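A.B. asks: make a model of this:
(one chain, ligands or ions: 1)
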Amino acid sequence: SQVYLNGAFMAPQDAHISPLDRGFLFADGIYEVIPAYNGVLFRFEEHLVRLERSLAETAIANPHSRDQWRQLCEQLIQRNGGGNLSIYLQVTRGATEKRDHAFPNPPVPPTVFMMTGNIAVPAADSPDTATGSKAITLDDIRWARCDIKSVSLLPNSLLRQQAVAAGASEAILLRDGFVTEGSASNVFIVAESTVITPPKSHAILGGITRDLVVELCHRHHIPVEEREITESQLRQADEIWVTSSTREIVPIIQLNNSAVGIGTPGPVWKTVARHYVSFKRRLCGL
Ligand code: PMP
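C.D. replies: Next up is the predicted model:
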């Protein structure tokens with residue numbers, strides 16, 4: 001396989017970064033994960049807009065134009081054989097000479113790293129045989145700017161590990177009695193035949209998959225609302241889903257060891273999963 005680092009493609013074992021990189025010292029960087037199906041980048045514009053926003057909010061210089069980013073991503077996919085892959089893309093504030101919290105002055109070039117990963121076959125691809133996943137609720141211990149896709153993922157990592165240790169695949173996070181999101185996903189519930197997801201704010205990452213699910217609900221006249229979800233609404237929901245670019249829409253069938261709804265992937269999930277998959281197939285020529 002090949003990765004990209006600061007202007008060149010290379011084998012992963014040849015990619016070296018300074019320990020004085022601010023990504024290493026301060027987790028001073030941002031990232032994106034962009035899926036490609038059949039070698040075709042999925043929702044690339046949307047991911048680029050979010051990348052630009054993360055860079056602007058952290059005042060890290062954007063080293064590339066949109067065309068350059070697209071070319072780099074397409075080359076990386078080609079060099080890794082195309083097909084279904086995800087691109088992990090990270091930009092840090094760069095490597096400095098001394099450890100100082102304040103930004104380097106004059107600025108140094110940002111560090112750009114990209115690699116590909118495999119995408120598992122998502123549950124949404126086969127709605128009729130999907131078994132669903134388990135989740136637990138945990139206190140959202142993260143900072144107040146979760147809208148920035150920052151590489152500072154220690155809280156997310158600790159939370160996800162707690163979920164895994166409890167035999168679940170995701171932690172659904174609660175702040176002041178309200179659902180924010182998952183440790184690496186956005187959260188949806190179905191209540192009274194309405195699809196509900198928390199509104200975008202500084203408390204959650206504006207997920208590309210989230211936005212597409214909301215868009216598909218509107219397009220297919222499935223009632224959908226962006227509003228706060230309380231802990232008790234979560235517990236009483238008929239369906240719970242978590243969404244992310246690499247896992248798409250995952251039905252949660254158990255929350256804290258209690259069945260969600262009737263304990264199997266729900267009918268609204270199946271409908272939305274079908275819409276999602278046919279949208280993806282059309283767009284990527286699958
Ligand atoms: N929230 C968090 C905290 C995440 O890490 C992710 C995915 N990495 C998401 C939401 C989902 O975002 P997307 O659909 O763009 O992958």
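A.B. asks: show me the contacts for residue 92.
C.D. replies: Residue 92 sits next to 21, 22, 23, 28, 29, 60, 110, 111, 151 when contact means C-beta atoms under 8 Å, 6 or more residues apart in numbering. Just so you know, the C-beta spots here come from the backbone N, C-alpha and C atoms, and that holds for glycine as well.
A.B. asks: now do residue 5
C.D. replies: So residue 5 contacts 15, 16, 17, 111, 112, 113, 114 (C-beta under 8 Å, 6+ apart).
A.B. asks: one more: residue 171?
C.D. replies: Residue 171 is in contact with 135, 136, 137, 138, 159, 160, 162, 163, 182, 183, counting by C-beta under 8 Å, 6+ apart.
A.B. asks: please identify the helix or strand for it.
C.D. replies: Assigned by DSSP states H and E, residue 171 belongs to strand 170-175.
A.B. asks: follow-up on the earlier one: can you redo the contacts of residue 92 as JSON lines with secondary structure, distance to residue 81 and neighbour count?
C.D. replies: Converted to JSON lines, the contacts of residue 92 look like this (DSSP: H, G, I helix; E, B strand; the rest coil; distance: C-beta to C-beta, whole Å; neighbours: other C-beta atoms under 10 Å):
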{"residue": "21", "secondary structure": "strand", "distance to residue 81": "29", "neighbour count": "20"}
{"residue": "22", "secondary structure": "helix", "distance to residue 81": "33", "neighbour count": "24"}
{"residue": "23", "secondary structure": "helix", "distance to residue 81": "28", "neighbour count": "23"}
{"residue": "28", "secondary structure": "coil", "distance to residue 81": "33", "neighbour count": "20"}
{"residue": "29", "secondary structure": "strand", "distance to residue 81": "27", "neighbour count": "26"}
{"residue": "60", "secondary structure": "coil", "distance to residue 81": "31", "neighbour count": "21"}
{"residue": "110", "secondary structure": "coil", "distance to residue 81": "28", "neighbour count": "23"}
{"residue": "111", "secondary structure": "strand", "distance to residue 81": "26", "neighbour count": "22"}
{"residue": "151", "secondary structure": "coil", "distance to residue 81": "27", "neighbour count": "16"}
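A.B. asks: out of the residues you listed, flag the one nearest to residue 201.
C.D. replies: Comparing the contacts of residue 92 against residue 201 with C-beta to C-beta places residue 151 closest, at 21.0 Å.
A.B. asks: thought that closest one was touching residue 31?
C.D. replies: Yes - between residue 151 and residue 31 there is a contact at 5.3 Å, judged by C-beta atoms under 8 Å.
A.B. asks: what's the overlap in contacts for those two?
C.D. replies: Shared contacts of residue 151 and residue 31 (C-beta under 8 Å, 6+ apart): residue 90.
A.B. asks: mind listing what the nearest residue to residue 268 once chain neighbours are set aside touches?
C.D. replies: The shortest distance from residue 268 to any non-neighbouring residue, by C-beta to C-beta, 6 or more residues apart in numbering, is to residue 190 (4.7 Å). Contact analysis of residue 190 by C-beta under 8 Å, 6+ apart lists 196, 237, 238, 239, 240, 241, 266, 268, 269.
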